[in-house]
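> here is a sequence together with a model predicted from it:
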Amino acid sequence: MGRFNLGVTPENAISRPKPGQILFYPADISETEILIPYGETRFCSSAGELAGNRILTITEGLDELALLGKSALWTGSCDIRFDHADSL
């Protein structure tokens, strides 16, 4: 996402998210990123540890998320779409 700026500042930012805790990192010491962890994760860059805002949490199908993450690692990026789910 490069230097894309949403005007978001850190709020309760975390650097060690659990699988499915999607983080948004606004450009600061590294570029703007969305992190989707699928296993044990420590969010960092060549400049050191980073902390992002948790914006979404995936609560179902985490085993499938791990398969998707490993596929992206070994075969490259893929399109992703987020749909709104009604509250239970």
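Now that the structure is in, tell me what you want to look at.
> residues near Leu56, how many?
Residues lying near Leu56 (other CB atoms under 10 Å) number 13. (Each C-beta comes from the backbone N, C-alpha and C, glycine too.)
> make that Thr75, sorry
Thr75: 8 surrounding residues under other CB under 10 Å.
> I figured Ile58 hits Pro37, correct?
No - here Ile58 does not reach Pro37: they are 9.7 Å apart, not a contact under CB atoms under 8 Å.
> got any residues that touch both of the two?
Residues touching both Ile58 and Pro37 by CB atoms under 8 Å, 6 or more residues apart in numbering: 19-22.
> with neighbour count added, can I get these in TSV?
Formatted as TSV, the shared contacts of Ile58 and Pro37 follow (neighbours: other CB atoms under 10 Å):
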residue	neighbour count
Pro19	17
Gly20	17
Gln21	18
Ile22	17
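> excluding chain neighbours, what is closest to Thr41?
Nearest residue to Thr41, sequence neighbours excluded (CB to CB, 6 or more residues apart in numbering): Pro17, at 5.6 Å.
> can you get me the start-to-end distance on stretch 25-39?
Taking CA to CA, to the nearest Å, stretch 25-39 runs 18 Å from one end to the other.
> who touches it?
With CB under 8 Å, 6+ apart as the test, stretch 25-39 has contacts from 1-6, 8-10, 17-24, 41, 43, 45, 47-48, 50-53, 55, 58, 62, 65-66, 68-70.
> just to revisit the earlier point, ok, Ile58 and Pro37, which is more surrounded?
Higher neighbour count among Ile58 and Pro37: Pro37, with 20 against 16, using other CB under 10 Å.
> gap between the residue nearest to the spatial centre of the chain and Lys18?
In the chain, the residue lying closest to the centroid (CA atoms, centre = their mean) is Leu35, at 1.8 Å. Leu35 sits 12 Å away from Lys18, taking CB to CB, to the nearest Å as the criterion.
> show me the helices in the chain, by range?
Assigned by DSSP state H, the helices in the chain fall at 62-75.
> which ones among the contacts of stretch 25-39 map onto strands?
The members of those that map onto strands under DSSP state E are 21-24, 45, 48, 53, 55.
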